[in-house]
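> Build me a model from this:
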Amino acid sequence: MKHKSLVVFLISCLIILVFLCTPSHHILKSGTISFKSMNAQKDAFTIRTTSIILPNTYIYFTDTEWNGTYFGIDEHTMIWNSGEDSIPAGSIIYFKSFTSHTITSIGSTQGILKIASKKEAIFAYQGTLRMPTHFIAGIAFNPSDYGTLENTGLIIDSTAFVLPQ
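You can find the predicted model right below:
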């Protein structure tokens with residue numbers, strides 16, 4: 001009986017140790033990337049890394065408005081995998097969507113974004129397809145184009161940018 005209890009205790013400790021020692025390097029903080037541009041004519045945008053992005057980090061990009069609780073389902077969402085290598089801070093990464101796919105200068109993508117020339121915003125977040133666990137950055141033509149920034153943690157002129165008119 002004591003032997004079974006000791007084995008269960010040791011296995012439990014091992015599981016906890018593995019959980020605590022596993023790095024959460026794939027979870028990015030708000031501001032880990034910033035948007036540098038958004039081009040409606042080319043369905044393209046660029047981001048700049050502000051810290052190292054570790055291999056196989058996933059970021060969702062969507063041009064759907066946020067209502068304070070969830071995204072709508074009326075626009076597009078793309079997921080980006082950073083690739084097999086770390087990406088240094090200060091790197092510029094380019095994305096361009098075509099009819100059926102998006103190309104990127106680093107990593108790989110699934111899905112597309114169709115950027116409108118008016119009333120458009122892009123959010124970068126992690127979580128699931130339509131439900132973020134946390135927001136990383138945003139860019140918009142006008143502040144109202146986001147829908148709202150409520151419950152995102154994004155701040156205008158810090159982690160959420162509005163393009164000059």
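> From now on I want contacts and neighbour counts done on CA atoms only, so please keep to that.
Fine.
> All the strands of this structure, residue numbers only.
For the chain, the strands defined by DSSP state E occupy 33-39, 44-49, 58-62, 77-81, 92-97, 102-104, 108-110, 121-127, 132-140, 160-162.
> what distance separates the second one from the centre of its chain?
The one in question is strand 44-49. Remark: strand 44-49 is offset 12 Å from the chain centroid, using Cα atoms, centre = their mean, to the nearest Å.
> just checking, what packs against it?
strand 33-39, strand 92-97 (3 or more Cα pairs under 8 Å, 6 or more residues apart in numbering; DSSP states H and E).
> picking up where we left off before, I'd like the strands of the chain laid out as a markdown table, including mean pLDDT and distance to residue 147.
Shown next, in a markdown table, are the strands of the chain (pLDDT from 0 to 100; distance: least, Cα to Cα, whole Å):
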| stretch | mean pLDDT | distance to residue 147 |
| --- | --- | --- |
| strand 33-39 | 96 | 17 |
| strand 44-49 | 98 | 20 |
| strand 58-62 | 96 | 13 |
| strand 77-81 | 96 | 16 |
| strand 92-97 | 97 | 23 |
| strand 102-104 | 96 | 25 |
| strand 108-110 | 96 | 24 |
| strand 121-127 | 96 | 9 |
| strand 132-140 | 96 | 10 |
| strand 160-162 | 96 | 13 |
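> Tabulate those in a markdown table, adding columns for mean neighbour count.
Below are the strands of the chain laid out as a markdown table (neighbours: other Cα atoms under 10 Å):
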| stretch | mean neighbour count |
| --- | --- |
| strand 33-39 | 20 |
| strand 44-49 | 19 |
| strand 58-62 | 24 |
| strand 77-81 | 20 |
| strand 92-97 | 19 |
| strand 102-104 | 18 |
| strand 108-110 | 17 |
| strand 121-127 | 24 |
| strand 132-140 | 23 |
| strand 160-162 | 23 |
